[in-house]
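Undergrad: structure here, sequence nowhere to be found:
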């Protein structure tokens, strides 16, 4: 379980960096099936491109890193998918996901508001929360694991000419190849946002002890001998 | 720390043996069924191999995505090409009458075909998308003759595993496996949107592979070589793009 967490972390960083480098070769985004420099973009990132054919308004061309970036992007995607598969099977088998789905009594706005207020007051976690996750954590994890990561895989596959040949609905259901690319871009930002909040929360709750727990699997209670 | 119990040791040992045996079996199966691409070695080899093997197992024999006529792009983007050399300019001045496609390698009857010869093999049309690795794309109607018909005409020998194709552009060559070579959508393209294929889009002859990214659809094709040994070509990675780090199998 912890192994899949760290494999996913390494793969995610690789995907993020290489994804950014690939975007630089065409920092224009479209909606629908097709889009190119002769069509109207949905939006343009105002940066120089790594290819001379993209009209960016800059004289400068960024270094072109697409060769290794693409190779690493797809390899890291395999690492993330395989780690996710192991995690998913293990999660179902061990009942881990039961600790992640928010409890039914928390499926309401006040529960979220109260937990948010506690965060803002920096109130210490209560007994149950120390051993498990609170409603905000559960919601964030469930969204990342069951919505954002699957959406990344889906929109990634929707850009594959061979995969969409076999399963045209992959592209059609999200509005086409270019829509898939645009969604893929935005969801990567949401995942990056999650990473920031996640690391910030780990830092606030004691970076060293949390890291030790996540690497070795053991938590040390105060007074307990190591 | 928990002590290492006999039970944990046995469980770990069994898992390790099963893992190694599984990998060995997967490797043998992959070799046996030709699931390892020419660029399936090196640090990115595992990724390339997994992608190629999964595509071959899951999506083989499904036709390329075709679109309705109304989806044809009004302003397709030709992308940059190197300025043509003198030989190309001379051929262009004569309306490509003397353009030849040489078919050689592991074939029973090597051929040298003019554009008229290719057209005589029967024209097909398809409305498919060009998707560039950079991210952009467009849809056009492509008219030409399937590569498979040319290979049949030349009598491809049974040991053939790859088809290498070469462009008049300097240092531009690529290859595909026999699955893609036999795909009816793998088209030696001479026309686009009801006209002759314009030079910026690869005219007079472009090999269109709609199930792979644009860089596999080489422009200005003048040679097709069937082979049983891809290692003999260039650095042995199956294409000039693979030598620059791009995936040989660009169905992705």
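TA: Cool, the structure landed. Just so it is clear, the structure is predicted and the values come from calculations on it, not from any experiment. Numbering: from 1, shown residues only, chains lettered A, B, ... in the order given.

Undergrad: and residue A:136, backbone torsions?
TA: Residue A:136 adopts backbone torsions of phi -70, psi -40, taken as degrees, to the nearest 10.

Undergrad: which residues sit in contact with it?
TA: A:112, A:115, A:116, A:119 (C-beta atoms under 8 Å, 6 or more residues apart in numbering or on different chains). Using the backbone N, CA and C atoms, a C-beta is placed for each residue, glycine as well.

Undergrad: the longest strand along chain B - contacts with which helices or strands?
TA: Secondary structure assigned by DSSP state E gives strand B:137-146 as the longest strand of chain B. Secondary-structure packing of strand B:137-146 (3 or more C-beta pairs under 8 Å, 6 or more residues apart in numbering or on different chains; DSSP states H and E): helix B:115-120, strand B:124-131, strand B:187-192.

Undergrad: got the angle for the second one vs strand B:137-146?
TA: Okay, so that is strand B:124-131. Strand B:124-131 runs at 150 degrees relative to strand B:137-146, counting by axes from the mean of the first three to the mean of the last three C-alpha atoms, to 10 degrees.

Undergrad: how about the strand or helix carrying residue A:138: buried residues?
TA: Element membership for residue A:138 (DSSP states H and E) is helix A:135-143. Using 16 or more other C-beta atoms under 10 Å in any protein chain shown as the test for burial, helix A:135-143 gives A:135, A:136, A:137, A:138, A:139, A:140, A:141.

Undergrad: quick one: contacts for the residue positioned nearest the centre of chain A?
TA: Nearest to the mean C-alpha position of chain A, by C-alpha atoms, centre = their mean, lies residue A:191 at 3.1 Å. The neighbours of residue A:191, taking C-beta under 8 Å, 6+ apart as the test, are A:12, A:16, A:144, A:148, A:149, A:152.

Undergrad: can you pull the phi/psi pair for the fifth one?
TA: Comment: the main-chain dihedrals of residue A:149 come out as phi -60, psi -50, following degrees, to the nearest 10.

Undergrad: so which of the helices and strands packed on strand B:137-146 is nearest chain A?
TA: strand B:124-131 (5.4 Å; C-beta to the nearest C-beta).

Undergrad: which SSE is the residue nearest to the centre of chain A in?
TA: If you go by DSSP H and E, residue A:191 is part of helix A:177-204.

Undergrad: quick one: that helix to strand B:124-131, angle?
TA: Helix A:177-204 and strand B:124-131 are oriented at 30 degrees to each other (the same axes, to 10 degrees).

Undergrad: for the helix or strand that helix A:177-204 is followed by, packing partners?
TA: Later in the chain than helix A:177-204, the nearest helix or strand by DSSP H and E is helix A:207-216. Using 3+ C-beta pairs under 8 Å, 6+ apart, the elements in contact with helix A:207-216 are helix A:2-24.

Undergrad: can you list the low-confidence ranges for the chain?
TA: Using chain A. Residue ranges of chain A with pLDDT under 70: A:220-226.

Undergrad: switch to chain B, that's the one I care about
TA: Along chain B, segments meeting pLDDT under 70 span B:1-4.

Undergrad: closest to the centroid, which residue in it?
TA: The residue lying closest to the centre of chain B (C-alpha atoms, centre = their mean) is residue B:176, at 4.0 Å.

Undergrad: spatially, which two of the contacts of residue A:191 are the most separated?
TA: A:16 and A:144 (14.1 Å; C-beta to C-beta).

Undergrad: which bits of the stretch 1-150 of chain B sit near chain A?
TA: Residues of the stretch 1-150 of chain B lying near chain A by C-beta under 8 Å from any C-beta of the partner chain: B:1, B:43-44, B:46-48, B:50-51, B:55, B:58-59, B:62-65, B:67, B:71, B:73, B:75-77, B:79-80, B:129, B:131-139.

Undergrad: near chain A, which residues of the stretch 151-252 of chain B?
TA: With the criterion set to C-beta under 8 Å from any C-beta, the stretch 151-252 of chain B comes near chain A through B:210, B:211, B:212, B:213, B:244, B:245, B:246, B:247, B:251, B:252.

Undergrad: got the contact list for the residue nearest to residue A:145 when sequence neighbours are not counted?
TA: Counting by C-beta to C-beta, 6 or more residues apart in numbering or on different chains, residue A:145 lies nearest to residue A:100, which is 7.3 Å off, once chain neighbours are set aside. Residue A:100 is in contact with A:91, A:133, A:138, A:141, A:142, A:145, counting by C-beta under 8 Å, 6+ apart.

Undergrad: and the gap between residue A:100 and chain B?
TA: Distance check for residue A:100 against chain B: by C-beta to the nearest C-beta, to the nearest Å, it reads 25 Å.

Undergrad: next, that residue: phi, psi?
TA: Backbone geometry at residue A:100, expressed as degrees, to the nearest 10, gives phi -100, psi -40.

Undergrad: try residue B:250
TA: Per degrees, to the nearest 10, the backbone of residue B:250 is at phi -100, psi 20.

Undergrad: right, and it touches residue B:133 too?
TA: Yes: assessed by C-beta atoms under 8 Å, residue B:250 is found in contact with residue B:133 at 7.3 Å.

Undergrad: cool, thanks, signing off.
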